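Chemist: what follows is a protein structure lacking sequence information:
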């Protein structure tokens, strides 16, 4: 039987407002119910975690940590506390070591049994690894707890002078954290982990997986997609995985539930099935609405916007534009955009639901994006002949009308303009940046521009541009005659658009270069005034 990853949990380690105490308690229960066994407190925006690490916590904060530690014990979840003194600590100073002890001792007394010494996101320099290893050795001797190190170099797969020194001088048994080939790694394979282990002298390795985190430059995004890009074999090379959640604790439960499914059974993991279960579980009676939003917010540094369902639907609209079966393709896109537009309404009366509060900015943007997309689809329909047909074969067809098409073009422009005013990302970013730090073969850090920058990746922008181009291209054909054909046979279309064709005959209505299939029965994707 494949084994689950030993340490499976969450590290609250983002730049942003710390979660509420109640949200942490609820998340611990959520993790425990999904065979997750670890939670680490590490929000860099908590001044007493990083900037003011020497300052003790107030009594009320200490009580909350004590309650959280007890809650974790009862749930079978290990509680870790991370401290990040690297900005200004003097590693060899007895005064600073006393300050670190004074900060940690009350937390250890409160029930913390795992200390994470986070020395990331600080400048590197010669001799730093030796100083850090010495501090870790002191901490191991001082604290009756598990000790884990987040090193200054925590990205990549290549050895370096820093890592070599750390590997030699770090005490045995101390876990070392690593984020993979980059900060938010789209893919991590077993060979990546083996290479990093080798660079670190085979110290126990915990993956700090920056998924589904959305802090710093990613705050406009909501990462609701499933856990992907981690090979099953990777699990055999790791001693633990800690996922870094979003600023929104309740929304984070969707992607975290899928990560839990992977960590519990990496070789049996099915991302699509795990995602469907997570949406049902977290969404409850509003699972359909949550699913519509999640499908439009499933991209991020781990998943390209082109993988979104909306981009796939737009690609199909573009592909089938000259196919007589375009109404069916438009109908699929209409259904997805309608579900996205209506998602906000499903949460409108859920003011007491903290998930609804977290989702609200993206639900509002989803409405704007969906309205623009639907307006674009209506414009596409307005540039084509349409037909409605009864089961007995009778029907009515209409050619594009110049004035009506112009009105739809204005509607698409106005709705698209409204969508582009919003800041939140739904359906892919118009402009996004990620902290795609990678390691050069020399061991030095660098920024991977291809991973760091995404432009023009909005499915709605793509759809609106396509619709407007279709309108432009249709203008020369305005006034062209309308015909109904079945193979080589032509059928008369009356001046009012009516036709009578046996129901078993599949006809195609043609106008200029555009063709529209009209089976019996059928109707266009959108109600159309031309057919009244």
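Modeler: Structure received. Keep in mind it's a predicted model, so treat the numbers as computed, not measured. Numbers count the residues shown, from 1 in each chain.

Chemist: the residue nearest to residue 175 when sequence neighbours are not counted bridge partners, please.
Modeler: In space, residue 175 comes closest to residue 148 once its chain neighbours are excluded; the distance is 4.0 Å by C-beta to C-beta, 6 or more residues apart in numbering. For every residue, glycine as well, the C-beta is placed using N, CA and C. In this structure, residue 148 has beta-bridge partners residue 116, residue 175, where bridges are defined by DSSP bridges.

Chemist: count of neighbours near residue 218?
Modeler: If you count neighbours by other C-beta atoms under 10 Å, residue 218 ends up with 26.

Chemist: rewinding a little: pretty sure the residue nearest to residue 175 sits against residue 176.
Modeler: Yes. Under the criterion of C-beta atoms under 8 Å, residue 148 lies in contact with residue 176, with a separation of 7.4 Å.

Chemist: what do the two both touch?
Modeler: Common neighbours of residue 148 and residue 176 are listed as residue 206 (criterion: C-beta atoms under 8 Å, 6 or more residues apart in numbering).

Chemist: coming back round to it: show me what contacts the residue nearest to residue 175?
Modeler: Residues in contact with residue 148 (C-beta under 8 Å, 6+ apart) are 80, 114, 115, 116, 117, 174, 175, 176, 177, 206.

Chemist: what segments of the stretch 101-250 of the chain are helices?
Modeler: In chain order, the stretch 101-250 of the chain shows helices spanning 128-142, 161-169, 190-199, with DSSP state H, counting those that start in this stretch as the criterion.

Chemist: got JSON lines for those, with distance to residue 381 too?
Modeler: Listed next are the helices of the stretch 101-250 of the chain as JSON lines, based on distance: least, C-beta to C-beta, whole Å:
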{"stretch": "helix 128-142", "distance to residue 381": "63"}
{"stretch": "helix 161-169", "distance to residue 381": "60"}
{"stretch": "helix 190-199", "distance to residue 381": "48"}
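
Chemist: including mean neighbour count and distance to residue 227, could the ones you listed go into a markdown table?
Modeler: Written out in a markdown table, the entries for these read as follows (neighbours: other C-beta atoms under 10 Å; distance: least, C-beta to C-beta, whole Å):
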| stretch | mean neighbour count | distance to residue 227 |
| --- | --- | --- |
| helix 128-142 | 19 | 30 |
| helix 161-169 | 18 | 27 |
| helix 190-199 | 19 | 16 |
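
Chemist: counting neighbours, what do you get for residue 62?
Modeler: Here the number of neighbours of residue 62 (other C-beta under 10 Å) works out to 15.

Chemist: start the count at 773 instead of 1 going forward.
Modeler: Okay, residue one is now 773; in that scheme the one you just asked about reads as residue 834.

Chemist: is it true that it touches residue 878?
Modeler: Yes. Under the criterion of C-beta under 8 Å, residue 834 lies in contact with residue 878, with a separation of 5.9 Å.

Chemist: work out for me the element residue 1177 sits within.
Modeler: With elements taken from DSSP states H and E, the one containing residue 1177 is helix 1174-1193.

Chemist: name the surrounding residues that touch that helix.
Modeler: The set of residues that contact helix 1174-1193 without belonging to it, under C-beta under 8 Å, 6+ apart, is 1137, 1140-1141, 1143-1144, 1146-1148, 1150-1151, 1154-1155, 1202, 1232-1233, 1236, 1239-1240, 1243, 1246-1247, 1250, 1301-1302.

Chemist: likewise stretch 1103-1123?
Modeler: Residues beyond stretch 1103-1123 that count as contacts (C-beta under 8 Å, 6+ apart) turn out to be 1058, 1060-1065, 1067-1068, 1081-1082, 1085-1086, 1088-1089, 1125, 1128-1129, 1131-1132, 1135-1136, 1138-1139, 1141-1143, 1145-1146, 1149, 1198-1199, 1235, 1297-1298.

Chemist: what about those residues, which are in helices?
Modeler: Of the positions in these, 1060-1065, 1067-1068, 1081-1082, 1085-1086, 1088-1089, 1128-1129, 1131-1132, 1135-1136, 1138-1139, 1141-1143, 1145-1146, 1149, 1235 sit in helices, assigned by DSSP state H.

Chemist: just the buried ones from those residues?
Modeler: For these, a burial check counting by 16 or more other C-beta atoms under 10 Å picks out 1061-1065, 1067-1068, 1081-1082, 1085-1086, 1088-1089, 1128, 1131-1132, 1135, 1138-1139, 1141-1143, 1145-1146, 1149, 1235.
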